[in-house]
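> 3D model of this:
(2 chains)
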Amino acid sequence: MVVQALAFYLFAIIAVISAAMVVTVRNPVHSVLFLILTFFNAAGLFVLLGAEFLAMLLVVVYVGAIAVLFMFVVMMLDINFVEMREGFLSYLPIGVLVAAVLFVELAFVGGGWVMTDAKMAAIAQPVPVGVNNVNAIGMLLYTDYAYIFQAAGLVLLTAMIGAIVLTLRHREGVRRQNISQQVQRQRAETLEIKKVPVGRGI
Amino acid sequence: MELLWDGYIQPGIWIVAKILVIVLPLLIAVAYLTYAERKVIGAMQMRKGPNVVGPFGLLQPLADGLKLFLKETVIPTSANKAVFLIAPMLTFILALVAWAVIPFGEGLVVSNLNVGILYLFAISSLGVYGIVMAGWASNSKYAFLGALRSAAQMVSYEISIGLIIISVLLTTGSLNLSDIVHAQSGGFWNWNFIYHLPMFVVFIVSILAETNRAPFDLPEAEAELVSGYNVDYSAMTFALFFLGEYANMILMSALCATLFLGGWQAPLPFLDFIPGPLWLIIKICMVLFIFLWVRATFPRYRYDQLMRLGWKIFLPLSFAWVMLVATFLVVFDKIPA
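Just a heads-up that it's a prediction; the model follows:
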């Protein structure tokens, strides 16, 4: 168990430090890289909890897809560090307000938490005996809460369609390649064979 | 003291030994893959390929390695130093850690993870960071363009690879790579590439794009981008990129062999006396030959065509296949337990 405890503290400390770095480093690209490190360590914590499936999903979805797109955008920013610091004071009240609201909410949730025997048992055994955690999650998502899961999928679909509708612009005068048209082209349409008499040309 | 030795030191040594048994042959394989590439392409273009250093040029990879080792590591003054140096290490490390879950034979695997295939998928989806970080940190427009291209390309083709993996998983009923191999036991007619033939083809093409190989090697298109994200790298930093890239090729071939070609299993039951790792190596070599063959045969894709292929053809196709497989399994009541 010593190794597990050491691993936990390693992951937890790196996660907290890199999370702090995300908001404190100047360079936004470094910030994204620290964010990725945070995700990665969170995945490590999931593995320690015995939730390998969630850990892998976290890496695949957040690190492998979302953070890549994030970085894609951030890398192309033209950053002026002086300008960035100018806004700091004017945004400070709003930032403090949001942080305070979040903190109060967390305090409420934490204050209302009571440890019961049932919860204790659930912590000790997060997954039913004899079922691996992939099956357990699948059972929850696709059997017990199938309709809610489908509804969540629909919400995401709507968001996706909305994003496409908002950003899709058909520009005039852009020549696009129509590959099926190109492939279907027959020889008769494009080639004409002519006998060229010597010395006279066409 | 007893506990320390039995509980920590002995397993620790054992794990390090297992890792070395995989990593050292892998590095040698990478070296000789470059040799094989030059020889195969040479043969296809009616040239001789490397034939000067050592018998049949067999020492050429070692000479190349030594040359890279002895060169000076140049760091551009405008580069972001930390990220610039981390990027090649990341590429190399990711190419190596993924091997932890590849089963070489019955029980011959470093870590028999029950989400092995997801682990592989996660690690291969991280590969893009090495390239993106290199391109950004070099602070050069060629490197940056190469990195952007590669990020878009790898993200696009990952989706179809993921869907293909899902359809294989549907017929296997497990995320464990050893179980996937077991599900294909008993001769080549039980291998997945027969049942998933269209997806096998799509998978081969997708791994070409995922490893940035010809005809999808746009990130390093030497005609337009000099050599893409690694223009500013020299000596060992370049060598790490190179090793990582080729180790990734071997890894993807191993994944292909495990998912579709029955992993370590013999193609005919009476050939079982030949050890499993050998079969896996033979299959990996076959897939690798396809990599080299394709490189010698096809011209480079145009970037919009590459994106079209990924998003408009492979994505719907693999989606449709997942639906088809799932429907088939439900209708004929063949869902694996």
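
> now do the same contact list for whatever residue of chain B ends up closest to chain A.
Using CB to the nearest CB, the closest approach of chain B to chain A is made by B:S125 at 2.9 Å. The way it works is simple: take the backbone N, C-alpha and C, and place the C-beta from them, glycine included. Contact analysis of B:S125 by CB atoms under 8 Å, 6 or more residues apart in numbering or on different chains lists A:V59, A:V60, A:V63, A:G64, A:A65, B:M154, B:E158.

> for B:Y119, same thing?
A:E52, A:M56, B:A98, B:A100, B:V101, B:L113.

> worst-scoring helix or strand of chain A, pLDDT-wise?
Least confident helix or strand, chain A: helix A:81-86 with a mean of 63, by mean pLDDT, DSSP states H and E.

> just the helices in chain B please.
Using DSSP state H, the helices found in chain B span residues B:2-3, B:10-44, B:60-70, B:81-97, B:116-137, B:141-172, B:177-182, B:192-195, B:197-210, B:222-225, B:235-260, B:276-297, B:303-308, B:315-331.

> pull the fifth one out as CSV, backbone CA atoms only.
In this case it means helix B:116-137. Extracted in CSV, the C-alpha atoms of helix B:116-137 (Å, rounded to 0.1, in the frame of the first residue of the first chain):
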residue,chain,number,x,y,z
GLY,B,116,-5.7,-2.2,-22.8
ILE,B,117,-7.1,-1.1,-26.1
LEU,B,118,-8.3,2.2,-24.6
TYR,B,119,-4.9,2.7,-23.1
LEU,B,120,-3.3,2.3,-26.5
PHE,B,121,-5.9,4.6,-28.1
ALA,B,122,-5.2,7.2,-25.3
ILE,B,123,-1.5,7.0,-25.8
SER,B,124,-1.7,7.3,-29.6
SER,B,125,-4.0,10.3,-29.2
LEU,B,126,-1.3,12.0,-27.2
GLY,B,127,1.3,11.6,-29.9
VAL,B,128,0.1,14.8,-31.5
TYR,B,129,1.4,16.8,-28.6
GLY,B,130,5.0,16.0,-29.4
ILE,B,131,4.6,17.4,-32.9
VAL,B,132,2.5,20.4,-32.0
MET,B,133,4.8,21.4,-29.2
ALA,B,134,7.8,21.0,-31.5
GLY,B,135,6.2,23.1,-34.1
TRP,B,136,5.2,25.9,-31.8
ALA,B,137,8.4,26.0,-29.7
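
> that one: how far from the chain's middle?
11 Å (CA atoms, centre = their mean, to the nearest Å).

> now the third one
In this view, helix B:60-70 has its centroid 23 Å away from the chain centroid, taken as CA atoms, centre = their mean.

> by contact count, what packs against it?
Helices and strands touching helix B:60-70, by 3 or more CB pairs under 8 Å, 6 or more residues apart in numbering or on different chains; DSSP states H and E, are helix B:10-44, helix B:235-260.

> list the contacts for the nearest residue to B:K18 once chain neighbours are set aside?
Leaving aside its chain neighbours, B:K18 sits nearest to B:V110 (5.1 Å; criterion: CB to CB, 6 or more residues apart in numbering or on different chains). By CB under 8 Å, 6+ apart, the residues touching B:V110 are B:I15, B:K18, B:I19, B:I22, B:W99, B:A100, B:V101.

> dump these to CSV, plus pLDDT.
Below are those laid out as CSV (pLDDT from 0 to 100):
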residue, pLDDT
B:I15, 85
B:K18, 86
B:I19, 87
B:I22, 87
B:W99, 89
B:A100, 88
B:V101, 88
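
> top of these by neighbour count?
B:V101 (23 neighbours; other CB atoms under 10 Å in any protein chain shown).

> who's in contact with that one?
Taking CB under 8 Å, 6+ apart as the test, what B:V101 contacts is B:V109, B:V110, B:S111, B:N112, B:L113, B:G116, B:I117, B:Y119, B:L120, B:L177.

> report the buried members of those.
B:V109, B:V110, B:L113, B:G116, B:I117, B:Y119, B:L120, B:L177 (16 or more other CB atoms under 10 Å in any protein chain shown).

> what's the closest of the contacts of B:S125 to B:D232?
B:M154 (20.4 Å; CB to CB).

> and that closest one, how far from A:A121?
Here B:M154 is placed at a distance of 44 Å from A:A121 (CB to CB, to the nearest Å).

> same thing with A:A99?
Between A:A99 and A:A121 the computed distance is 35 Å (CB to CB).

> just say which of the helices of chain B is most tucked in.
Among the helices of chain B, helix B:116-137 has the highest mean neighbour count (mean count of other CB atoms under 10 Å in any protein chain shown), at a mean of 26.

> same question for that helix, mean pLDDT?
Helix B:116-137 carries an average pLDDT of 86.

> tilt between that helix and helix B:81-97?
160 degrees (axes from the mean of the first three to the mean of the last three CA atoms, to 10 degrees).

> tell me which parts of chain A are close to chain B?
A:2-3, A:27, A:29-30, A:33, A:36, A:52-53, A:56-57, A:59-60, A:63-65, A:68-69, A:71-72, A:75-76, A:132, A:134, A:177, A:179 (CB under 8 Å from any CB of the partner chain).

> repeat that with 6 Å
A:E52, A:F53, A:M56, A:V59, A:V60, A:G64, A:V68, A:F72, A:M75, A:N132, A:V134 (CB under 6 Å from any CB of the partner chain).

> the helix or strand the second one falls within packs against which elements?
Secondary structure assignment for A:F53, by DSSP states H and E: helix A:52-57. Other elements packing on helix A:52-57 under the criterion 3 or more CB pairs under 6 Å, 6 or more residues apart in numbering or on different chains; DSSP states H and E are helix A:28-48, helix A:133-139, helix B:116-137.

> now these as CSV including distance to B:G276?
Output for those, formatted as CSV (distance: least, CB to CB, whole Å):
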stretch, distance to B:G276
helix A:28-48, 28
helix A:133-139, 26
helix B:116-137, 17
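
> pick out the residue of chain A closest to chain B.
A:G64 (2.9 Å).

> what does that residue show for phi and psi?
phi -80, psi -30 (degrees, to the nearest 10).

> burial count for it?
Counted with other CB under 10 Å, A:G64 comes out at 27.

> excluding chain neighbours, what is closest to it?
Closest to A:G64 by CB to CB, 6+ apart is B:S125, at 2.9 Å.

> do you know how far that neighbour is from A:V32?
With the distance defined as CB to CB, B:S125 ends up 16 Å from A:V32.

> do B:V205 as well
31 Å.

> quick check, pLDDT for the nearest residue to B:V40 once chain neighbours are set aside.
Computed as CB to CB, 6+ apart, the closest residue to B:V40 that is not its neighbour in sequence is B:L292, at 4.5 Å. If you check B:L292, the pLDDT there is 91.

> distance check, B:D64 against A:I179.
Counting by CB to CB, the gap from B:D64 to A:I179 is 40 Å.

> ok, A:G50 next?
In terms of CB to CB, A:G50 sits 49 Å off from A:I179.

> please apply the same query to A:R185.
Relative to A:I179, A:R185 is positioned 11 Å away (CB to CB).

> more neighbours, the two?
A:I179 (13 against 10).

> dump the residue contacts of the most centrally placed residue in chain A.
Nearest residue to the geometric centre of chain A (CA atoms, centre = their mean): A:I66, 2.8 Å. By CB atoms under 6 Å, 6 or more residues apart in numbering or on different chains, the contact set of A:I66 is empty.

> quick one on the thing from earlier: tell me which residues are up against the next helix or strand after the helix holding A:F53.
Per DSSP H and E, helix A:52-57 leads on to helix A:67-75 as the next helix or strand towards the C-terminus. Helix A:67-75 has contacts (CB under 6 Å, 6+ apart) with A:P28, A:V29, A:V32, A:I36, B:V128, B:W136, B:A151, B:V155.

> got the confidence number for the first one?
This means A:P28. On the pLDDT scale, A:P28 gets 82.

> same question, the last one
We have a pLDDT of 83 for B:V155.
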